[in-house]
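[1] I'll drop the sequence and a predicted model, then ask my questions.
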Amino acid sequence: MEEFMQIDLDTKKRVKLVANTVRKKILLMAFSAGQSSAHIGGALSSADIISTLYETVFKINKKNIHDEEKDRFILSKGHGCLTYYAILNHLGFITDDELLTFEKDGSILLGHPVKNRDKGIEFSNGSLGMGLSIGVGLAIGYKRLNKKNNVYVILGDGECNEGSVWESFMCANKFNLDNLFVFIDNNKFQQTGSNDEILINNNLNDKLSAFGWNAKKINGHSIEEIYDFLVTNKNNQKPNIAICETIKGKGVSFIENNNDWHHTVLTKKNYDIAINELNKNEA
Ligand SMILES: Cc1ncc(C[n+]2csc(CCOP(=O)(O)OP(=O)(O)O)c2C)c(N)n1
């Protein structure tokens, strides 16, 4: 029997505000990177997923970051690291000064995350297709040790073109990994075009159900639906996956669904327009 839990209104409001702050920080880092370019579209599309996760069930802070009993998070689509750095800045792991060093010489904040547990970054990533296998390995380990830790992973939909992702999809059910929660940021685009142009990978819900997962298609910008996915106990020992319908560039009108913003330079003029738009959500 499934046990449903609804998010309370105050938490929902708080998470929405945090997601807006995360989006503003993404833009600040992209702007500070100057001519280095930054992955903007795919960072904005995961902002609601990451904010809901970190503000509700995945509670980390400077005191518990080295605690072996705590849950683990893996950003498999490592190029979307601006979202990751933004939430870690919001939580006090990464300082405001460090945020402004993104992609600069000597910075700890590279274009893909490099493990730095003191800063809340527990896994290096960037070569697409690797993060879910790390997540499956961790989840198996926790089961074998009879530990209660959960493992959370965010995958890109383009990333799901990688064969290694499907090897992990195949074995998660065999090991009864109900401690594994995966989000696919299904924004329908990848680096050089739309999924339809490059490699169609539709019906992920049906495919993953057939692979033995608790698969659910959700709105990846709905705080309620993301929360519901995280807390609904299915009691069936299967791994959990949310196929999150998202918009690449979500939150900034001229970036939304425009794949020119996959990896590019953010000028001062565009930065100002975008921040202005996001500020209106807080008025
Ligand atoms: C193994 C590997 N091949 C290629 C790349 C280059 N690359 C960076 S982002 C990207 C597109 C990924 O698409 P998706 O996962 O849908 O990300 P999003 O559109 O959400 O940014 C590619 C191919 C990479 N990082 N790793």
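    Nice, I can see it.

[2] distance of the residue of the stretch 101-250 of the chain found nearest the ligand relative to His112?
    The minimum distance from the stretch 101-250 of the chain to the ligand, using C-beta to the nearest ligand atom, falls at Gly156 (1.9 Å). No exception for glycine: its C-beta is placed from N, CA and C like everyone else's. The gap separating Gly156 from His112 is 13 Å, by C-beta to C-beta, to the nearest Å.

[3] between those two, point out the one with more neighbours.
    More crowded of Gly156 and His112, by other C-beta atoms under 10 Å: Gly156, with 29 against 16.

[4] one step back: you'd agree the residue of the stretch 101-250 of the chain closest to the ligand is up against Leu128?
    Yes. Between Gly156 and Leu128 there is a contact under C-beta atoms under 8 Å: 6.9 Å.

[5] so what sits against both of those two?
    Contact criterion C-beta atoms under 8 Å, 6 or more residues apart in numbering; residues shared by Gly156 and Leu128: 76-77.

[6] so what's Ala242 up against?
    Counted by C-beta under 8 Å, 6+ apart, Ala242 has contacts 181-184, 215-218, 220, 226, 229.

[7] circling back to that earlier point, and the pLDDT at the residue nearest to the residue of the stretch 101-250 of the chain closest to the ligand when sequence neighbours are not counted?
    Closest residue to Gly156 apart from its sequence neighbours, by C-beta to C-beta, 6 or more residues apart in numbering: Lys77 at 3.7 Å. pLDDT recorded at Lys77 is 98.

[8] please name the residues that touch Lys77.
    42, 46, 125, 128, 131, 154-156, 159, 185.

[9] now intersect those residues with the strands, please.
    154-156, 185 (DSSP state E).

[10] is the ligand within reach of the helix or strand Ile50 falls within?
    Here Ile50, judged by DSSP states H and E, is contained in helix 47-55. No. Residues of helix 47-55 contacting the ligand under C-beta under 6 Å from any ligand atom: none, with a closest distance of 11.1 Å.

[11] please save the CA atoms from that helix in CSV.
    Presented in CSV, the C-alpha positions along helix 47-55 are these (Å, rounded to 0.1, in the frame of the first residue of the first chain):
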residue,chain,number,x,y,z
ALA,A,47,16.6,24.0,-10.2
ASP,A,48,13.2,23.0,-8.9
ILE,A,49,14.2,19.3,-8.5
ILE,A,50,17.5,20.1,-6.6
SER,A,51,15.8,22.8,-4.5
THR,A,52,13.0,20.5,-3.4
LEU,A,53,15.4,17.7,-2.7
TYR,A,54,17.8,19.7,-0.6
GLU,A,55,15.1,21.7,1.2
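
[12] for it, packing partners?
    Contact here means 3 or more C-beta pairs under 8 Å, 6 or more residues apart in numbering; DSSP states H and E; on that basis helix 47-55 packs against helix 9-32, strand 72-75, helix 81-90, strand 151-156, strand 180-186, helix 223-231.
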